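*Asks:* I would like to see how this sequence folds:
(2 chains)
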Amino acid sequence: MKKLWHVAWHEYHRHVFTRRFVLAGLLSVPLVILVMVGLIFLVISLDSNTTPLGYVDHSGLLADPLSAPAPEWPDKLVPLLSFETEAAARSALDTGQIQAYYLLPVDYLSSGHLSVFHLGEFKSPARSQFYSFLTVNLLSNTDPLIATRLVKGAEIIVQSPDGSRSISSKNWFNVVLPMIAGIAFIIAMFSTGGYLMHAVVEEKENRTMEVIMTSVSPNQFMAGKIIGDTAVGLTQIVLWLVFIVLPILLLRNTISLLSGIQIAPQTLLLVMFVMFPVFIMVSAVMAAIGATVSEAREGQQMVGMISLPVWIPYMLTGQLMSNPNSPLAIGLSLFPLTAPLTMLMRDGLTILPAWQIALSSAIQVVSAVGAIWLAGRAFRLGMLRYGKRLKWRDVFAKN
Amino acid sequence: MPTVELSHISKSFGPVKAMDDVSFSIEKGELFGLLGPNGAGKTTSLRVMLDIFKPESGSVVILGGPMSESKKDRIGYMPEERGLYQDIPLDRCLAYLGSLKGLSPGDVKQRAAGYLERFDLAAFKTKKVKELSKGMQQKAQIIATLLHQPELLIVDEPFGGLDPLNTQMVRDLLLEQHQQGVTIILCSHQMHQVEELCDRIVLIDHGRVMLYGVLDDIRRQFSGHSVTVRTGDTIPALKGVERIESVNGTVKLHLLPGTAPQEVLRNLVAQNINLEQFEISMPTLDEIFIRVVQGKGKEA
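*Replies:* Take a look at the predicted model:
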């Protein structure tokens, strides 16, 4: 058994302590997320026009106005300028001093009608800031608590019957988060599985196999490699989490979107008992592919065939979101390759029954054990077929 | 009890019979030669011996019984197809392969240091294996095979890719191991090396044992087809002599089948030829090999 750990450590060491792992494995996903978030903020920033907004008030509502609440980050504050006459406001608009101006007629309080004048595009941030300003002033004589509630608007919270889960418009991110986590998990699973496949092909190509086989049993060798590979994947995921969770924790007080993020204990159960066995299963299948093919490129084509079903739940997002407890959703939750993403997507949308988690977990564990057996067998049969491909029917043949 | 014993082993790959009722044994402490032309079934024999391949019939006894995981630590195997991890430094590669043979990191470090020094590789131990020359990698492979001080050493073409200096070094190393009581199976095409190093051999061709036994006995068995004569006189045509050939100041008489060297000697004396030397030529292993493989030998 000791040799198994030597194999696992060797596998871990040769993949993790490399420049390729640090650059491609560790930094790729956080960098992509960083770039995406950066682009979103850049678009918001470019979209924000901080040129002042004017208003002409004939109704008297804004004679002695209360100031508008500060906009939420990343929106920027748009200064509001009061004009005595419409002509003055128009002149300011023509000279570009203001981006638009509102005209509140005398009967505004009774009619609720107002007009807005602009020459170019008039975007939402300035508009919503002016409406907040109006609302604050319309509610100036109301109880401050009620006024605040009205300004903030309604928040509808949908709660599960047992009270364990809830969702509202403010923490919608919790629905998307499991899906993002599932995608990151699949990327990690296939990238580390790819390392393992390449390692096995390489051992065939550089003829290390024969030396290895006279030192350690094929099963111990394969199990050691799979453990090492799984540890590489977990390292990747843990470090991604550090990269992703740390900024969330640091920014959750600044960005209201992040403040509502919750991780339910059920999600952790899914990770432990459904996703982890699938990870091992995929690693073992990748190792088996490595043992059967004669070169890495050929293996890559076979990996494509396995990775396709994994993304099926992603392609069926619409159906799964509209009916997360349909027979299709349950079926995909049980099938080994589609289970991780389906389970995580459903976890954000519904309460997963315990029996489904237990059954899916049992199927994944059995599949993982079967895949390890298959990998060991493919390895034993295919290891010395230099330059030749092992047929899958030989792997399953009784001998 | 023999260290290795193969009894009536047969192994096929599809229609090709790689081993056909092969039997031979290797005694403890012996330096044994395994010979045969390319594709004869030598490597298959080694792989069956090491339980990498399962035979269709027959049995293998190695180190007192069937192959087991614990026995792997007592065997050193250097395959003809060399294999080292190319992308890691040499010292880490040796440490890993040593650990798979049950060595502690301390033992690996200590033993590897000695061998690296001996093979002039100490200065290259932190280099990646792929950065080493072919000869250096060959020496590294030999170190990996010997690190765990095996009781049974199986080396397939250990001199391949080595210059004369390193060939001598490996040869000395094999003799040293032999003197220490290690059982060695040497698989090689270099007949003169086998001739100088091995006590007994087996020659396999087309998956069958063609020759097997003590090397001197085999040579004696194949001797008598020619005699070497040194004389100042001209040798006339002799009864029973097929051809006369001058070789470096001597004359080699090739005898017809059924002619005894003693008969030729009697004829020479009868014809008053002054003999300075009369010697029954012992064939080299090379000659025996060619004769057997070309179908002139007989099955053992």
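*Asks:* okay, CA-based contacts and neighbour counts for the rest of this
*Replies:* Fine.
*Asks:* All the strands of chain B, residue numbers only.
*Replies:* Assigned by DSSP state E, the strands in chain B fall at B:4-13, B:16-26, B:31-35, B:57-62, B:75-78, B:152-156, B:183-187, B:200-205, B:208-214, B:226-231, B:241-247, B:250-255, B:275-280.
*Asks:* The helix or strand containing residue A:186 - contacts with which helices or strands?
*Replies:* Assigned by DSSP states H and E, residue A:186 belongs to helix A:173-205. Using 3 or more Cα pairs under 8 Å, 6 or more residues apart in numbering or on different chains; DSSP states H and E as the contact test, the elements touching helix A:173-205 are helix A:218-251, helix A:276-292, helix A:296-310, helix A:339-347.
*Asks:* Output the last one as PDB, restricted to C-alpha atoms.
*Replies:* Once side chains and other backbone atoms are set aside, the C-alpha atoms of helix A:339-347 remain, and they are given as PDB (Å, rounded to 0.1, in the frame of the first residue of the first chain):
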ATOM      1  CA  ALA A 339     -25.200  14.400 -12.400                       C
ATOM      2  CA  PRO A 340     -22.800  17.000 -11.100                       C
ATOM      3  CA  LEU A 341     -24.100  20.000 -13.200                       C
ATOM      4  CA  THR A 342     -27.700  19.000 -13.000                       C
ATOM      5  CA  MET A 343     -27.600  18.500  -9.200                       C
ATOM      6  CA  LEU A 344     -25.900  21.800  -8.700                       C
ATOM      7  CA  MET A 345     -28.300  23.700 -11.000                       C
ATOM      8  CA  ARG A 346     -31.300  22.100  -9.300                       C
ATOM      9  CA  ASP A 347     -29.900  22.900  -5.900                       C
END
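*Asks:* before we move on, back to that, pLDDT of the helix holding residue A:186, averaged?
*Replies:* When pLDDT is averaged over helix A:173-205, the result is 79.
*Asks:* So which of the helices and strands packed on helix A:173-205 is nearest chain B?
*Replies:* Closest to chain B of these is helix A:218-251 (Cα to the nearest Cα; 9.8 Å).
*Asks:* tell me the angle the closest one makes with helix A:276-292.
*Replies:* Orientation check (axes from the mean of the first three to the mean of the last three Cα atoms, to 10 degrees): helix A:218-251 against helix A:276-292 gives 130 degrees.
*Asks:* low pLDDT regions in the stretch 251-399 of chain A?
*Replies:* Within the stretch 251-399 of chain A, the segments meeting pLDDT under 70 span A:252-264, A:383-399.
*Asks:* separation between residue B:69 and residue B:51?
*Replies:* Applying Cα to Cα, to the nearest Å, the value for residue B:69 to residue B:51 is 10 Å.
*Asks:* Show me which of these two is the more surrounded one.
*Replies:* Taking neighbours as other Cα atoms under 10 Å in any protein chain shown, residue B:69 and residue B:51 compare with residue B:51 leading, 17 against 11.
*Asks:* what phi and what psi does the backbone show at the more buried one?
*Replies:* Note on residue B:51: its backbone torsions stand at phi 70, psi 20 [degrees, to the nearest 10].
*Asks:* Spatially, what comes nearest to it if we skip its sequence neighbours?
*Replies:* Counting by Cα to Cα, 6 or more residues apart in numbering or on different chains, residue B:51 lies nearest to residue B:67, which is 6.5 Å off, once chain neighbours are set aside.
*Asks:* hang on, isn't the one you found packed against residue B:50?
*Replies:* Yes. Judged on Cα atoms under 8 Å, residue B:67 makes contact with residue B:50 at a distance of 7.0 Å.
*Asks:* So for the two, which sits in the more crowded spot?
*Replies:* residue B:50 (24 against 16).
*Asks:* show me what contacts that one?
*Replies:* Going by Cα atoms under 8 Å, 6 or more residues apart in numbering or on different chains, residue B:50 touches A:214, B:67.
*Asks:* and it, how far is that from residue A:380?
*Replies:* 14 Å.
*Asks:* What is the neighbour count of the residue in chain B that chain A sits nearest to?
*Replies:* Going by Cα to the nearest Cα, chain A is nearest to residue B:83 of chain B, at 3.9 Å. Residues near residue B:83, counting by other Cα under 10 Å, number 21.
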